[in-house]
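**Q** Build me a model from this:
(one chain, ligands or ions: 1)
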Amino acid sequence: MSENKEADLTAANTENKAAKKKRVFSGVQPTGRLVLGNYLGAVKNWVPMQDENECCFCVVDQHSITVRQDPKELRQRCLDFLTLYIACGLDPDKSLIYFQSHVPAHAQLAWVLNCYTYMGELSRMTQFKEKSLKHQDNINAGLFTYPVLMAADILLYQTDLVPVGIDQKQHLEIAQIIAKRFNGAYGDVFRIPEAIIPKVGAKIMSLQDPTSKMSKSDVNPKAYIAVLDEPDTIIKKMKSAVTDSDGKVEYGDGKDGINNLLTIYSVATGESIESTQARFANLGYGDFKMQVAEAVVELLRPVREKYYDLKKNEDYVKSVYTKSADVANKIAGRTMDKVYKKIGFIAR
Ligand code: TRP
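**A** Numbering: from 1, shown residues only. Purely as a prediction, here's the structure:
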């Protein structure tokens, strides 16, 4: 091959790489119920990413068993979460939508990466510290190595971008550290992933304790709005949202409850917080809460309708997750082959 031709090919290659879509991976644990906070802070942001990228959206069922789960409930919830992914706008024609446990390579790679992760690193993880305080009777090894499984989820697919909430930043950092350590020892095996963290506004807080995140596993259902809550329930929960005694619909220090409601309204409708507070300046809290409730009802209505449509067609949902898992297994298999080879395992 002439030198010129070789140069041309290299240029074409670089171009191809630049035009190549980026890989996106993200997941939610099927615990509790999918809540407004997950929708606004995560799943809704994934929807527009599907056009420009190759996306893997996973229901990370294996992560959820670090805490005891009732098998029957877990099975139902896994299916509900995946169905909700589709109802929220994740599109099986564009993205892979599947269960983590259907791709055995997640667990296989996690084992390997466990051997390249230090106890000290894992014991610094804030989520581990919090969860082990909360579940003192069950501080299992899975809870400890959870971030390694998460790193495996991401690295398996040569992921470029990982859209996650701010609470997952530390887990992303350790995934990068593990990937770099492995690459350092064996050459470029893993692409180094980057976190995409939504702007502050998208953090939705509990309606009962607006200083903590709206959690899908909160014991008090009044603290969250589930994506599938009926309009009446949404209105009731909004009405009982904790506010303050100041009485002004205004964003400000020490007004966590009102700040949260303004954020919810703003993210739900797309109207800025400034313009929202200007428009509602003369409203009492009761009326303001009704406005927020109505905005949320309208936001979630199409999701709930699509979900119940999909429930009537379980075969379709099943075909989505089986076909997606087939493709995911192929992509993951390529990384696994490379990893095993680099380590020195004999090919089958
Ligand atoms: N740990 C994440 C959470 O609790 C869920 C998760 C597991 C995840 N694996 C992932 C998120 C990979 C992004 C990428 O929210």
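
**Q** after the lowest-mean-pLDDT helix or strand in the chain, next one along is what?
**A** The helix or strand of the chain with the poorest confidence is helix 3-19; it has a mean of 45 (mean pLDDT, DSSP states H and E). Using DSSP states H and E, the helix or strand that follows helix 3-19 in sequence is strand 22-28.

**Q** Quick check: mean pLDDT of that next one?
**A** Averaged across strand 22-28, pLDDT comes to 97.

**Q** Show me what counts as buried in that strand.
**A** Across strand 22-28, burial judged by 16 or more other CB atoms under 10 Å covers 23-28. Just so you know, the C-beta spots here come from the backbone N, C-alpha and C atoms, and that holds for glycine as well.

**Q** close to the ligand, is the following helix or strand past it?
**A** Using DSSP H and E, the next helix or strand after strand 22-28 towards the C-terminus is helix 36-38. No - Helix 36-38 stays clear of the ligand (CB under 6 Å from any ligand atom), getting no nearer than 8.7 Å.

**Q** that older thread, check the buried residues of strand 22-28 against P231 and report the nearest one.
**A** The closest of the buried residues of strand 22-28 to P231 turns out to be V28 (CB to CB; 24.0 Å).

**Q** can you pull the contacts of the nearest residue to that closest one once chain neighbours are set aside?
**A** In this structure, V28 finds its nearest non-sequential neighbour in N38, 5.9 Å apart by CB to CB, 6 or more residues apart in numbering. Neighbour list for N38: 28, 216, 227 [criterion: CB atoms under 8 Å, 6 or more residues apart in numbering].

**Q** ok, the residues you listed vs Y118, which is closest?
**A** Distance to Y118, by CB to CB, is smallest for V28 among the contacts of N38, at 27.8 Å.

**Q** Does the closest one touch V59 like I think?
**A** Yes - using CB atoms under 8 Å, V28 makes contact with V59 at a distance of 6.8 Å.

**Q** okay, and the common contacts of these two?
**A** F81.

**Q** ok, back up a step: ok, which of the buried residues of strand 22-28 also contact the ligand?
**A** Among the buried residues of strand 22-28, proximity to the ligand is found for 25-27 (CB under 6 Å from any ligand atom).

**Q** what's the closest non-adjacent residue to the closest residue to the ligand within the stretch 201-348 of the chain?
**A** Proximity of the stretch 201-348 of the chain to the ligand (CB to the nearest ligand atom) peaks at K216, 9.8 Å away. Closest residue in space to K216, ignoring its immediate chain neighbours: G32 at 3.4 Å, by CB to CB, 6+ apart.
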